[in-house]
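Engineer: Next input, structure requested:
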Amino acid sequence: MSDKPTIGLTLGDPAGIGPEIVVKALSDRASYEACRPVVYGDRCILERSLSDLNASLELNAIGQPSEGRFQIGTIDYIDPGLLSKPTPYGEISADGGRAGLGYLDQAINAALSEAVDGLATAPLNKESLQAAEAPFIDHTAALKAKAALRKPMTLFLVRSLRIFFLTRHISFREIADAITEGRILEAAPLCQLYLRQLGIENPYLAIAALNPHGGEQGLFGTDEMDVITPAVQKAKESGLNVTGPVPADSVFHQTSEGKYDGVLSLYHDQGHIAAKTLDFHGTVSLTMGLKFLRTSVDHGTAFDIAGQGIADPRGMVEAIKAAGAYSLSVKSTLDFSPPTPQNSKLTTPHSSLAVSP
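Structural biologist: The predicted structure is shown next:
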């Protein structure tokens, strides 16, 4: 029996580039070196991608993940029977939305039953989900509804850089008001918990600043003085190994260099720009706080290039590798509690156990 984790791969919206990047990723030996991959998706969609790419991979239909061959050159897949024919490339459709969500739903059920150890997902299209009148607007909502263990958080992995997000999909005008002491104090212990689940024994977390140069003592804004610094101080007093606010123009570089094990970005673009500038195709999104690990590419369905055979699979390969590297660690530490003065001695400023995908 292989000691590699079994990872469920979903095709995402069949009208997008998801099927293409999954097929390409499973043509890469690195995917099989990382895990035992099983695809959740309709045979007709896989057949179309293989034909479009002139790929000679064999499709092996199985009833459950344990029946897979897990050999390079073969795609082990479970067909949920949602589509009798492919949806047109690049088109928003209810059929595409239902199929993409259906693949995810079946994969989630497999993870909850421990038939697979974790998931690596290709992108869904929000407009197709809306056309299908789906109960969820995206992956995160579906995962949270069916599989949340604690408050889910997104963690970006790119090389040695790990980024959490305090706020995400809100307008820029709303950001400052959304950064509150309570929100930071809720997020910081979860960030440390999720870093521990990746094998970092005593993570040192940096909290990013909001204003230029950390506000320069109120010269460029008082958010650091009024909100962030008091929150960090209270977090330290509670036993958390955190620091901040660290100016955002340096904290991401410092984290990538190993000074910190992770950084809590205060808003969407603050962290996204840092990660994607460092390595756009190497950035992997992890959803932490579930009953299993889910990884994903950090890009959309790219309807504009779907079916052309030019989609870059590197993000999908990295997502599969990250799922393989961390899914068993996450499963084995699900009973971890967020660090508190009672259950965690956090004194060392930096862990030497940090691992990169």
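Engineer: and stretch 9-28, which residues are buried?
Structural biologist: Buried residues in stretch 9-28, counted by 16 or more other Cβ atoms under 10 Å: 9-28. To be clear about C-beta, it is placed using only N, CA and C from the backbone, and glycine gets the same treatment.
Engineer: err, stretch 302-321, not the other one
Structural biologist: Judged by neighbour count (16+ other Cβ under 10 Å), stretch 302-321 contains these buried residues: 302-303, 305-307, 311-321.
Engineer: before we move on, what about stretch 283-302?
Structural biologist: Applying a neighbour-count criterion of 16+ other Cβ under 10 Å, the buried positions in stretch 283-302 are 283-299, 301-302.
Engineer: just stretch 256-270 next, same as before
Structural biologist: By neighbour count on 16+ other Cβ under 10 Å, the buried set for stretch 256-270 is 256, 259-268, 270.
Engineer: Looking at these, which are in helices?
Structural biologist: Assigned to helices by DSSP state H, the following of the buried residues of stretch 256-270 qualify: 256, 268, 270.
Engineer: and of the residues you listed, the nearest to Val116?
Structural biologist: Distance ranking of those against Val116, using Cβ to Cβ, places His268 first at 29.8 Å.
Engineer: Kindly provide the distance from that closest one to Val246.
Structural biologist: Going from His268 to Val246 by Cβ to Cβ, to the nearest Å gives 18 Å.
Engineer: again, but for Pro5
Structural biologist: Here the criterion is Cβ to Cβ. By it, Pro5 lies 34 Å from Val246.
Engineer: So which helix or strand of the chain has the lowest pLDDT on average?
Structural biologist: Comparing helices and strands within the chain by mean pLDDT, DSSP states H and E singles out helix 223 as the least confident, with a mean of 86.
Engineer: helices or strands next to that one in the packing?
Structural biologist: Contact partners of helix 223 among helices and strands, from 3 or more Cβ pairs under 8 Å, 6 or more residues apart in numbering; DSSP states H and E: none.
Engineer: now what about the helix or strand just after that helix, what contacts it?
Structural biologist: Using DSSP states H and E, the helix or strand that directly follows helix 223 along the chain is helix 229-237. Residues from elsewhere that reach helix 229-237 (Cβ atoms under 8 Å, 6 or more residues apart in numbering): 181, 184-185, 188-189, 207, 242-245.
Engineer: Tell me which two in the buried residues of stretch 256-270 are the farthest apart.
Structural biologist: The most widely separated members of the buried residues of stretch 256-270 are Lys259 and His268, with 23.4 Å between them, by Cβ to Cβ.
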